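Trainee: model this:
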Amino acid sequence: TKLKKLVLPSNWLLTIDFSANKDLEYVNLGNHLEFMQYNDMTELDLSNNNNLKKINVYNLITLERLNMRNNTADSVTILLGHNSLNNVPYNVCIEVDDYVAATNGTAPYDKWAIYNAYKHFFSDNCVLSVEKFVNENFKIYPNPAANYVTIEQKETNGVTLQAVQILDSSGKWVRSVKDHFNHIDVSALSKGMYLFVIQTDKGNKTEKILIK
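Mentor: Below you'll find the model as predicted:
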């Protein structure tokens, strides 16, 4: 319980529990996607770690929710962003106690610094923000797929589909799709498992699609 620094980049982590490590001040779960090992988690709960001062989740491309409630540190640095070589931008919901103050950069969030951020937004309930506006509104099929993949938006609900990033099973960026989402040609892809990262202005949805 006296752990203050944890460095676990580029591992096969799907989830991790920090609730017992209340003295934690620094966490590094970032990825280097040129390596085979990569962390593949969609959410990270740090609400019990109110002394956290620095969080590195750089290149954690599947991350959708970062829970930073109850943080009382004098200053907080969060490293988000994406690997420019892989060209995979993403959108992260950061859950805080006062999302209005966090969005405006006023106290107690005036000493928070978020670096290399392509896009992020604050909310007091990221589960509802992401799942309601993204997961429930987008459907991707067929799976497995051979020639094409369709992304269907059930309802608009103020959500804008911006792009789809396709990555291989090692996390390496393959291509970016920015239009014609209803008929994405995948016939040139080699057989295997791929990550389709559906990017919207409200958050991301990541699906594993088998190309046969």
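
Trainee: Every contact and neighbour count from this point should use C-alpha atoms.
Mentor: OK.

Trainee: roughly how far apart are the residue most central in space within the chain and residue 177?
Mentor: Geometric centre of the chain, nearest residue: residue 63, 2.2 Å, by Cα atoms, centre = their mean. With distances taken as Cα to Cα, to the nearest Å, residue 63 is found 20 Å from residue 177.

Trainee: What is the least confident helix or strand in the protein?
Mentor: helix 126-130 (a mean of 70; mean pLDDT, DSSP states H and E).

Trainee: Following the chain onward from that one, which element is next?
Mentor: Remark: after helix 126-130, the chain's next helix or strand is strand 138-141, criterion DSSP states H and E.

Trainee: what's the average pLDDT for that next one?
Mentor: Strand 138-141 comes out with an average pLDDT of 90.

Trainee: Export only the CA atoms of that strand, formatted as CSV.
Mentor: C-alpha atoms of strand 138-141 as CSV (Å, rounded to 0.1, in the frame of the first residue of the first chain):
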residue,chain,number,x,y,z
PHE,A,138,-22.9,2.6,-33.5
LYS,A,139,-23.0,-0.9,-34.9
ILE,A,140,-20.2,-2.5,-36.9
TYR,A,141,-20.8,-5.5,-39.1
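
Trainee: in it, what's buried?
Mentor: 138-140 (16 or more other Cα atoms under 10 Å).

Trainee: So what's the residue count around the closest residue to residue 201 other than its chain neighbours?
Mentor: Leaving aside its sequence neighbours, residue 201 sits nearest to residue 160 (Cα to Cα, 6 or more residues apart in numbering; 5.7 Å). For residue 160, the count of nearby residues is 15 (other Cα atoms under 10 Å).

Trainee: contacting residues around residue 160?
Mentor: 200-202 (Cα atoms under 8 Å, 6 or more residues apart in numbering).

Trainee: Check residue 94 too.
Mentor: Residue 94 is in contact with 65-68, 120-123, 126, counting by Cα under 8 Å, 6+ apart.

Trainee: so how far is whichever strand or helix holds it off the chain centroid?
Mentor: If you go by DSSP H and E, residue 94 is part of strand 91-95. Relative to the centre of its chain, strand 91-95 is centred 8 Å away, using Cα atoms, centre = their mean, to the nearest Å.

Trainee: quick one on the thing from earlier: flag whichever of the contacts of residue 160 scores worst on pLDDT.
Mentor: residue 202 (70).

Trainee: how close does it get to residue 161?
Mentor: Distance from residue 202 to residue 161, by Cα to Cα: 9 Å.

Trainee: mind listing what the closest residue to residue 7 other than its chain neighbours touches?
Mentor: In space, and not counting its chain neighbours, residue 7 is closest to residue 28: 4.7 Å by Cα to Cα, 6+ apart. By Cα under 8 Å, 6+ apart, the residues touching residue 28 are 6-9, 55-57.

Trainee: what is residue 66 paired to in the beta sheet?
Mentor: Counting by DSSP bridges, residue 66 is bridged to residue 44, residue 94.

Trainee: and it, how many residues sit next to it?
Mentor: 20.
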